[in-house]
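In: pasting the structure only:
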């Protein structure tokens, strides 16, 4: 194996043979060539391998294909690759920028779309530095103006909306717009649900529910059906609340007119007696009649008492406080007092449509009202002269039966139930059959409890 000195001498000979000048570059190339042949290394291969390991895998593969002999070839490769990358990256970046600007043309924000359109018209691969500077300046000014425009953000904050991206902000605004329209509609709806003549706690609670959650008006179809059914029931309750109020006042006037009628009958009877008494008097020969002072005085005092009673009764009818205090409950309390004092028995019979919600949902409120009208007519036709029929709620009636034995009360109940259950309402060739529940209690059988309260609990279960 040749040593280094021999290789050096041979290198000079080959340079001479090949007609090459003994420059460092030519000498190094021939020397390394001869060293490799003799199994020796001058270190160039190791240096190239060392720097090659620092490159990315793709560049390492390219160097492997080149089979570089020296550092110069290695450096030439790197310079060439850097030059190519500069041009390729510039083209890629220009394409990316053009694509981004074109994408901005589809923006819903007109200001942004206009800026993108203007920039696309000025953009080119051969732009001068001055043109690039002017475009950059325009975008900076636009961005600053956009950022400094706080009016939109402050307006959005009033509705609890934080300005995010354009689309989500618009979506939030649309939700607020819907909610606002629901609130307006809820206010109108609440006005329609208020009874004209009285107040109702359940209606108040439903109205508050609407005000707290106006968005329930915009539920999907299933929930919307549930809300519609609930609203229909509330409308029915609102109508029945006014009807019960009217019923209460009519009962008050009916009771007072009955008493007034009895007083007038008593007055007429007394007056007729007085007339008969006067007609029975016989005149003397001088045409005069003789009447005792005390007798005459008692007749006039009796008439005066009658007139005073009538006057008090009329005043009672005009007393708004007494009228407001009059109710089914107060009426039943007076009947309880009469039962305790005189043993006057009475019975309360309740008739209620248990499937009224189903009827409203399937057949509508109008058809339910027609059924209730017929329902009431059957009960009214079966009432005795002294019996009373009261509306308890939007689906139930109460019959007050006076001075009847228990067996007679049962007969009345059975008669009413049979007629109500046999009643059929036809709707579009379909038979609607109301389900009737009924309860009855008489005071004689339950002397120590409030039978009205007990019956009310039963129909609310």
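Out: Great, that's in hand. On a predicted model such as this, the values are computed, not experimentally measured, just so you know. Numbers count the residues shown, from 1 in each chain.
In: what are the ranges of the helices in the stretch 151-300 of the chain?
Out: Ranges of helices within the stretch 151-300 of the chain are 151-158, 166-193, 201-212, 221-279, 293-317, based on DSSP state H, counting those that start in this stretch.
In: which non-adjacent residue is nearest the residue minimising distance to the centre of the chain?
Out: In the chain, the centroid-proximal residue (C-alpha atoms, centre = their mean) is residue 216; its distance is 1.6 Å. Leaving aside its chain neighbours, residue 216 sits nearest to residue 227 (5.6 Å; criterion: C-beta to C-beta, 6 or more residues apart in numbering). All C-beta atoms are positioned from the backbone trio N, CA, C, and that covers glycine.
In: Thought residue 217 was touching the one you found, still the case?
Out: Yes. Residue 227 lies in contact with residue 217 (C-beta atoms under 8 Å); the separation is 7.1 Å.
In: Tell me which of those two has more neighbours.
Out: residue 217 (18 against 15; other C-beta atoms under 10 Å).
In: what residues are up against that one?
Out: 182, 185, 186, 210, 227 (C-beta atoms under 8 Å, 6 or more residues apart in numbering).
In: Considering the residues you listed, which possesses the most neighbours?
Out: Of these, with other C-beta under 10 Å as the count, residue 210 tops at 22 neighbours.
In: Run through the residues that contact the closest residue to it other than its chain neighbours.
Out: Nearest non-adjacent residue to residue 210, counting by C-beta to C-beta, 6+ apart: residue 186, 4.6 Å away. Contacts for residue 186 (C-beta under 8 Å, 6+ apart) come out as 210, 211, 214, 217.
In: hang on, residue 439 is in a strand, isn't it?
Out: Yes. Under DSSP: H, G, I helix; E, B strand; the rest coil, residue 439 sits within a strand.
In: May I have the beta-bridge partners of it?
Out: Beta-bridge partners of residue 439, counted by DSSP bridges, are residue 350.
In: Count the neighbours of it for me.
Out: 17.
In: how much space between it and residue 332?
Out: 15 Å (C-beta to C-beta, to the nearest Å).
In: now do residue 278
Out: The value you get for residue 278 to residue 332, if C-beta to C-beta is used, is 46 Å.
In: Neighbour count: these two, which is higher?
Out: Legend: neighbour count by other C-beta under 10 Å for residue 278 and residue 332, higher for residue 332 (20 against 11).
In: now the more buried one, nearest residue through space, not along the chain?
Out: Per C-beta to C-beta, 6+ apart, closest to residue 332 is residue 452, 4.8 Å.
In: need the contact list for the one you found.
Out: 328, 329, 332, 348, 398.
In: element containing residue 121?
Out: In this assignment (DSSP states H and E), residue 121 forms part of helix 110-122.
In: Could you list the buried residues of that helix?
Out: 115, 116, 119 (16 or more other C-beta atoms under 10 Å).
In: still on that earlier bit, closest one to residue 28 among the helices of the stretch 151-300 of the chain?
Out: helix 166-193 (65.6 Å; C-beta to C-beta).
In: Averaged pLDDT, the closest one. What do you get?
Out: Averaging pLDDT along helix 166-193 yields 72.
In: One more: stretch 20-39?
Out: For stretch 20-39, mean pLDDT rounds to 70.
In: how much does the host helix or strand of residue 339 deviate in direction from helix 221-279?
Out: Using DSSP H and E, residue 339 falls within helix 328-342. Counting by axes from the mean of the first three to the mean of the last three C-alpha atoms, to 10 degrees, helix 328-342 points 40 degrees away from the direction of helix 221-279.
In: tell me what helix 328-342 is packed against?
Out: helix 221-279, strand 346-353, helix 451-460 (3 or more C-beta pairs under 8 Å, 6 or more residues apart in numbering; DSSP states H and E).
In: tell me the most buried of the ones you listed?
Out: Highest mean neighbour count among the helices and strands packed on helix 328-342 (mean count of other C-beta atoms under 10 Å): strand 346-353, with a mean of 23.
In: you'd agree residue 438 is up against residue 417?
Out: Yes. Residue 438 lies in contact with residue 417 (C-beta under 8 Å); the separation is 5.6 Å.
In: So for these two, which residues contact both of them?
Out: What both residue 438 and residue 417 touch, as defined by C-beta under 8 Å, 6+ apart, is the set residue 351.
In: Compare these two (neighbour count), which wins?
Out: Taking other C-beta under 10 Å, residue 438 and residue 417 do not tie; residue 438 has more neighbours (19 against 16).
In: hang on, the earlier thing: can you add pLDDT and distance to residue 314 and give the buried residues of helix 110-122 back as a markdown table?
Out: Below are the buried residues of helix 110-122 laid out as a markdown table (pLDDT from 0 to 100; distance: C-beta to C-beta, whole Å):
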| residue | pLDDT | distance to residue 314 |
| --- | --- | --- |
| 115 | 79 | 87 |
| 116 | 79 | 88 |
| 119 | 78 | 93 |
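In: Let me know the closest of these to residue 369.
Out: residue 116 (63.9 Å).
In: And the nearest residue to that closest one once chain neighbours are set aside, how far from residue 114?
Out: Nearest residue to residue 116 in three dimensions, chain neighbours excluded: residue 104, at 3.6 Å (C-beta to C-beta, 6+ apart). Relative to residue 114, residue 104 is positioned 10 Å away (C-beta to C-beta).
In: ok, now residue 262?
Out: Taking C-beta to C-beta, one finds residue 262 at 92 Å from residue 114.
In: Next: residue 314.
Out: 85 Å.
In: List the contacts of residue 415.
Out: residue 382.
In: Check it and give its pLDDT.
Out: So residue 415 comes in at 91 (pLDDT).
In: where does it sit relative to residue 386, distance-wise?
Out: 17 Å.
In: This completes my enquiry, with thanks.
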